[in-house]
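# Any chance you can model this:
(2 chains)
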Amino acid sequence: MSTIIIAGVGGQGILTLAKIIGDALVKKGLRVRVAEVHGMAQRGGSVVTYVRYGNIDCPRPSYGMADAVISLEMLECLRSLYFLKKNGTIVVNDWIYPPNIPGVKVPSKDYILKYLDKVSKNIYVVPANQIADSLGSRLIANTVILGAVARLKVFPLSKEDLIESLRRNIKKKYIDLNLLAFEKGFESISV
Amino acid sequence: MILGAPGEKLLLLGNEAIARGAIEAGVHVAAGYPGTPSTEIIDTLAGVADKVGMTVDWSTNEKVALETAYAASMCRLRALATMKHVGLNVAADVFMSIGYSGVRGGLVIVSADDPGCHSSQNEQDNRYYSLASYIPCFEPYCPQEAKDLIVAAYDFSEENGTAILFRVTTRICHTRGEVVLGEIKKIERKAVFEYNPSKWVLLPANSRKLRVKIIERLNRIEEKLTEFKFNKIEGEGKVGIITSGIGYAYAIDALRELDLCGKVKVLKLSTPHPLPTKLLEKFTDGLEKILVVEEGDLFLLRRVKEKLYDFDLRIPIYGKGDLLPLAGELDLLTVMRAVAKICEKTVPEPIESIKLKEELEKAIPVRPPTLCPGCPHRATYYSLKQALRELGLKIPCTGDIGCYTLGYNPPFQLQDTSTCMGASLGEGAAIARFTDKPVVAVIGDSTFYHAGIPGLINAVYTSAPLLVVVMDNSVTAMTGHQPHPGTGITATGKPAKIIKIEDIAKACGVEFVKVVDPYNVGETKQAIKDALEYVRREKKPAVVVARRLCALVAARKGLRGTPPTVEDCRGCMVCINTFACPALIVEEGKVKIDEGLCFGCMVCTQICPFGTIKVRK
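A predicted model of the protein is given here:
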């Protein structure tokens, strides 16, 4: 059994990312639970999804149970870090987005990386926003991260499994752009 | 996808699984009011309604939704009503009566409870409604069972002449899991109203007789539930775990983590009320202690305790309130600890992770949900706040349920109450009368139709000095943009008559009614000031409708404007501190526009005191 946390800020396409992964896992014949949160929390707030698969039934994990934390934003990565097992995998978008509170103080990137380092040596910082922007849309940063995740073999899924799922779950007119983002994300990781 | 072939295995959201179950069961009519975590059931059905020949409604409120479904049942049709847990409070009047009358066509009422208050004002456990109404409660543990149990619920409903309360929680509704699809039944039935006054007319004379009948009915149902295939006993041992709904998923994973599978006796229940006595008696025979794992309140624990008394069995029994916390959602570690405790095992404690969480909570600022860039509510709040300031008024602002509840947060802080749907009007008018000072009530469009109108009539009737600001973004936004009576379309996308809020206000007897565009700050502020002066002078209610389409919907329709430019920002931070749009960002003491986030509403150009935020030429 495995548990993966997918975190970020409402509006970044976290639920879509989790759905693409969950769908690919189901096609592999695995028992899957993808736990989402909708409604109020989606309006620019913190969003955390849990992806669990294998011999499991409970959708909601607890402290230190996750094999990986995938985050589309650095502060949200930190917020979900307590789920991670010692030396679990961290895949994080190289982006800090301060909460929309007047006068808010946020920790620096150095501070965040230092903290991540305390918990794991398997940290992959992906410039997903930068790559997405270069392709013309911030909205595909989630797919860039998916590409990186494919390269890192976070899930028992091949690159092709994930691409097929991407095709099933993304609107036709956006497919080409997403495939490009996926490739760029895949290439961004050197293994 | 939702209409896939039997045998196909899909990743479905719990709510989609419920929708598929309704399709498989041949449901003819489905009605609901949007509310997290229930919304996607009707959303999904609305998308395929015409294909499967189902009537699917977004009703004005939950009471009307349930009346619609109940009426379908009176006409021999199979019907579904969906709502969030607090929605059943609104529909409780008709719900309790259905407990007496029973049904003709199968009737299932989905109550989506929200333990942990992800998106709700409370954590009420609606299984108690089942107890109070004599309507059986079914509760699934995963998306697959949610689908299968819905199908079974319709047959059960018709066989026993009773409605079924189908209780789900956030982690069922909003969890995706693999679901194997079943056969879609085609139940051809013509809607024919069945005349049966002694059943449908709840005059005291009829109700007294029905009361006797429903007690007998519940006893018969209870006996049948011992054989119900969704209730079962697993494993063996001297320690027993009794679960209901998703409690089973937590319990079984805890047993897996602790390597105790098969060594503990588990009673998996999908029918928390009525409790199948014989099955429970069989299960408890020879047990030395019991743990009850359930999501929500200690409903099942209480019921099991009563039964143990009847069985003359005095063994320790634990659950919510002792080994499991009463507040919030279940948590796997907490359930593992409870299971370990009764099995006299130890759980390896994740001390480092617990310490890490505590440390990080101090180090990272919280990220509360916020109004979107371009949100018309932000613009209305800005004008309201400025109008109150310019008039030197410090008055209560009663709030309501919707995206605009976020006006509670800085910089606006204009939600002094937020209780339930429509309460801004009932409470606001009363506070205004009792304190003899004006009050502002803030309510959204969908909420106004849902429960605002009686409060408005009462405000006029009692001459309350109340300013009602209707934040009309022309959609039920918070739940994901469902249509309502002001939008001109139905749940299934067909044209409908637009019922205008200003017309309703006038018809309710409000003499000051004004409609403004919140993107026009000057106009909106002036209208609010005029209305407040009217309210103070005349001691009567006034209504200002601030109408502008939800920015998310507008963006989807391609109605995004061009972001403004900032030239020579002086760094006064007025826009940041009084407007706080997420698209306004500060770099080195100067304000910039995040063009990726900006919607182009141009409200900030009207706010900058130095005119440095400018419309792009």
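# Next one, pLDDT for residue A:41 please.
pLDDT, residue A:41: 55.
# With residue A:148 instead?
In this model, residue A:148 carries a pLDDT of 97.
# Distance-wise, check it relative to residue B:383.
From residue A:148 across to residue B:383, the span is 45 Å (C-beta to C-beta, to the nearest Å). C-beta here means a position set from N, CA and C on the backbone, and glycine is covered the same way.
# Can you report phi and psi for residue A:68?
According to degrees, to the nearest 10, the main-chain angles of residue A:68 amount to phi -150, psi 150.
# Which residue, other than its chain neighbours, is closest to it?
Once its chain neighbours are removed from consideration, residue A:68 has its nearest residue in residue A:89; the separation is 4.0 Å (C-beta to C-beta, 6 or more residues apart in numbering or on different chains).
# give me the element the one you found is part of.
Element membership for residue A:89 (DSSP states H and E) is strand A:84-93.
# what angle do the least confident helix or strand in chain A by mean pLDDT and strand A:84-93 make?
In chain A, the helix or strand scored least confidently by mean pLDDT, DSSP states H and E is helix A:109-119, which has a mean of 93. Computed by axes from the mean of the first three to the mean of the last three C-alpha atoms, to 10 degrees, the angle separating helix A:109-119 from strand A:84-93 equals 150 degrees.
# quick one, what contacts residue B:232?
Residue B:232 is in contact with B:267, B:268, counting by C-beta atoms under 8 Å, 6 or more residues apart in numbering or on different chains.
# Which strand residues bridge it?
Beta-bridge partners recorded for residue B:232 (DSSP bridges): residue B:268.
# Distance of it relative to chain A?
The gap separating residue B:232 from chain A is 14 Å, by C-beta to the nearest C-beta, to the nearest Å.
# same question, residue B:231
Counting by C-beta to the nearest C-beta - residue B:231 and chain A are separated by 17 Å.
# ok, now which ones touch the residue lying closest to that residue once chain neighbours are set aside?
Excluding its sequence neighbours, the residue lying closest to residue B:231 (C-beta to C-beta, 6+ apart) is residue B:269, at 5.3 Å. Contacts of residue B:269 were listed using C-beta under 8 Å, 6+ apart, and they are B:139, B:231, B:242, B:243, B:244, B:275, B:276, B:300.
# Pull out the buried residues from stretch B:217-231.
Neighbour-count burial for stretch B:217-231, counted by 16 or more other C-beta atoms under 10 Å in any protein chain shown, picks out B:217, B:218, B:221, B:222, B:225, B:226, B:228, B:230, B:231.
# For residue B:375, state which of these is nearest.
Using C-beta to C-beta, residue B:230 is the member of the buried residues of stretch B:217-231 that lies nearest residue B:375, at 44.0 Å.
# Which of the helices or strands spans that closest one?
Secondary structure here is read from DSSP H and E; on that basis residue B:230 sits in neither a helix nor a strand.
# That one reaches residue B:145, doesn't it?
Yes: contact between residue B:230 and residue B:145 holds when scored by C-beta atoms under 8 Å: they sit 6.9 Å apart.
# any residues in contact with both of those two?
Listed as contacting both residue B:230 and residue B:145 by C-beta under 8 Å, 6+ apart are residue B:270.
# what's the strand holding residue A:89 packed up against?
strand A:66-71, helix A:74-79, helix A:109-119, strand A:123-126, helix A:141-152 (3 or more C-beta pairs under 8 Å, 6 or more residues apart in numbering or on different chains; DSSP states H and E).
# Columns mean neighbour count on top of those, output as a markdown table?
Formatted as a markdown table, the helices and strands packed on strand A:84-93 follow (neighbours: other C-beta atoms under 10 Å in any protein chain shown):
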| stretch | mean neighbour count |
| --- | --- |
| strand A:66-71 | 26 |
| helix A:74-79 | 25 |
| helix A:109-119 | 15 |
| strand A:123-126 | 20 |
| helix A:141-152 | 26 |
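# closest to residue A:9 out of the ones you listed?
Once the helices and strands packed on strand A:84-93 are compared by C-beta to C-beta, helix A:74-79 is nearest, at 6.3 Å.
# name the helices or strands packed onto the strand or helix carrying residue B:167?
Taking DSSP H and E as the definition, residue B:167 sits inside strand B:164-169. Contacts defined by 3+ C-beta pairs under 8 Å, 6+ apart place strand B:164-169 against helix B:14-24, strand B:107-113, helix B:127-133, strand B:137-138, helix B:143-160.
# distance between it and the chain's centre?
Using C-alpha atoms, centre = their mean, to the nearest Å, the distance from the centre of strand B:164-169 to the centre of the chain it belongs to is 13 Å.
# contacts for it?
B:14, B:18, B:37-38, B:107-115, B:126-127, B:129-130, B:133, B:135-140, B:146, B:149-150, B:153, B:156-157, B:245-246, B:272, B:295-296, B:329.
# Of these, which are in range of chain A?
Applying C-beta under 8 Å from any C-beta of the partner chain, the subset of the contacts of strand B:164-169 adjacent to chain A comprises B:37, B:246, B:329.
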